[in-house]
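K.L.:
Next come a sequence and a model predicted from it.
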Amino acid sequence: MARLAGKVALVTGGARGQGAATAELFVAEGARVFIGDVLDDRGTALADQLGSSATYVHLDVSSESDWETVVGQVVGADGGIDILVNNAGIVRPTPIIGGDLETYMEIIRVNQVGCWLGMRAVAPVMAQRSGGAIVNLSSVQGLVGLAGVSAYVASKFAVTGMTKVAALELAPYRIRVNSLHPGAVDTEMVRPAQLVGIVDAQADKVAKTIPLGRFSEAAEMARAVLFLASDDSSSCTGTALVADGGILAGPSYD
């Protein structure tokens, strides 16, 4: 079923993890996909793997000029943009006591400012095409706190709020804006390659507290993004869709 047939999509942070899974699914559903990332080698390899329906573009989401360049590239190649997935994000420890301001601001620039710049850059292009869909990747940490990662939590709460503002502002242009709130997803962000074997035991303990008893997979998040990006969610805007394995319902302990 080609739910995105004829659509042009830009997926940020698309070289790996949830972004890569989303790009792959979008291509399978008929979209022309532009994969934006700063991981040039991995992004190029993914685009080559996905074939002629995918193109890699270098995009630092915190850079205003990069957004201008990439949107120009996409419009020049395919005439417009129908779907924006603001997926790019980073997480680092930022405790309140002893936290590093430079690290804090780096996270805010990527997760929060990057999302805002993306919506600002793409919305006028979508308006010219009489509509579109924007999916902003927030998190369960955009709805509840988590000790030790204040910048990540602050940035994801901001994404949640910006999504609702954008939904109101862009509704007259038939642009829908929704946020997706994953819980624990089994990607390199959770299990970085250099720490495999160290974090696995801790991750397994966390998984036992999730009602479904496991981490979610990137492909599951991609299907949720597809729902919000496609006409299947045609009446949804300003919606915060939670896909967390039941985390916000409450902890599950053996």
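P.N.:
Nice, thanks for sending it over.

K.L.:
Return the distance of stretch 130-141 from the chain's centre.
P.N.:
7 Å (Cα atoms, centre = their mean, to the nearest Å).

K.L.:
Now do the end-to-end distance for that stretch.
P.N.:
Taking Cα to Cα, to the nearest Å, stretch 130-141 runs 33 Å from one end to the other.

K.L.:
do the same with stretch 226-237
P.N.:
Length of stretch 226-237, first residue to last, Cα to Cα: 14 Å.

K.L.:
Please apply the same query to stretch 205-214.
P.N.:
Note: stretch 205-214 ends 10 Å apart using Cα to Cα.

K.L.:
List of residues touching it?
P.N.:
Residues outside stretch 205-214 that contact it (Cβ atoms under 8 Å, 6 or more residues apart in numbering): 183-184, 215, 244-247, 249-254. From N, CA and C alone the C-beta is placed, and that goes for glycine too.

K.L.:
Buried residues in it, which are they?
P.N.:
residue 210 (16 or more other Cβ atoms under 10 Å).

K.L.:
from the middle of its chain, how far away would it be?
P.N.:
The answer for stretch 205-214 is 23 Å, by Cα atoms, centre = their mean.

K.L.:
circling back: I'd like the contacts of stretch 205-214 written out as TSV, with distance to residue 56 added.
P.N.:
Below are those laid out as TSV (distance: Cβ to Cβ, whole Å):
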residue	distance to residue 56
183	29
184	28
215	27
244	30
245	31
246	36
247	33
249	38
250	41
251	40
252	40
253	44
254	44
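
K.L.:
Would you show me how to pick out the buried ones of those in ChimeraX?
P.N.:
Buried subset of the contacts of stretch 205-214, written as a ChimeraX selection, criterion 16+ other Cβ under 10 Å:
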select :183,184,215,244,245,247
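
K.L.:
Specify which member of the contacts of stretch 205-214 is nearest to residue 169.
P.N.:
Distance ranking of the contacts of stretch 205-214 against residue 169, using Cβ to Cβ, places residue 244 first at 27.6 Å.

K.L.:
Sheet partners, orientation included, of the longest strand along the chain?
P.N.:
In the chain, taking DSSP state E as the definition, the longest strand is strand 175-182. Paired strands of strand 175-182, with direction, are strand 132-137 (parallel), strand 240-243 (parallel) (DSSP bridges).

K.L.:
Just the mean pLDDT for the last one, thanks.
P.N.:
The reference is to strand 240-243. Strand 240-243 carries an average pLDDT of 96.

K.L.:
How about it, which residues are buried there?
P.N.:
240-243.

K.L.:
Extract the C-alpha trace of it and format it as PDB.
P.N.:
Presented in PDB, the C-alpha positions along strand 240-243 are these (Å, rounded to 0.1, in the frame of the first residue of the first chain):
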ATOM      1  CA  ALA A 240       1.000  14.400  21.100                       C
ATOM      2  CA  LEU A 241       1.100  10.700  20.100                       C
ATOM      3  CA  VAL A 242       2.700   8.600  22.800                       C
ATOM      4  CA  ALA A 243       4.400   5.400  21.800                       C
END
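
K.L.:
contacting residues around it?
P.N.:
Residues contacting strand 240-243 (Cβ under 8 Å, 6+ apart): 138, 140, 142-143, 160, 163, 178-183, 216, 220-221, 224, 227-228, 248.

K.L.:
Can you pull out the low-pLDDT segments for the stretch 101-250 of the chain?
P.N.:
189-203 (pLDDT under 70).

K.L.:
still on that earlier bit, nearest to residue 234 among the strands paired with strand 175-182 would be which one?
P.N.:
Going by Cβ to Cβ, the one of the strands paired with strand 175-182 nearest residue 234 is strand 132-137, 9.2 Å.

K.L.:
Specify the next element, helix or strand, located C-terminal of that closest one.
P.N.:
Remark: after strand 132-137, the chain's next helix or strand is helix 150-170, criterion DSSP states H and E.

K.L.:
okay, the angle between that next one and strand 175-182?
P.N.:
If you take axes from the mean of the first three to the mean of the last three Cα atoms, to 10 degrees, helix 150-170 sits at 160 degrees to strand 175-182.
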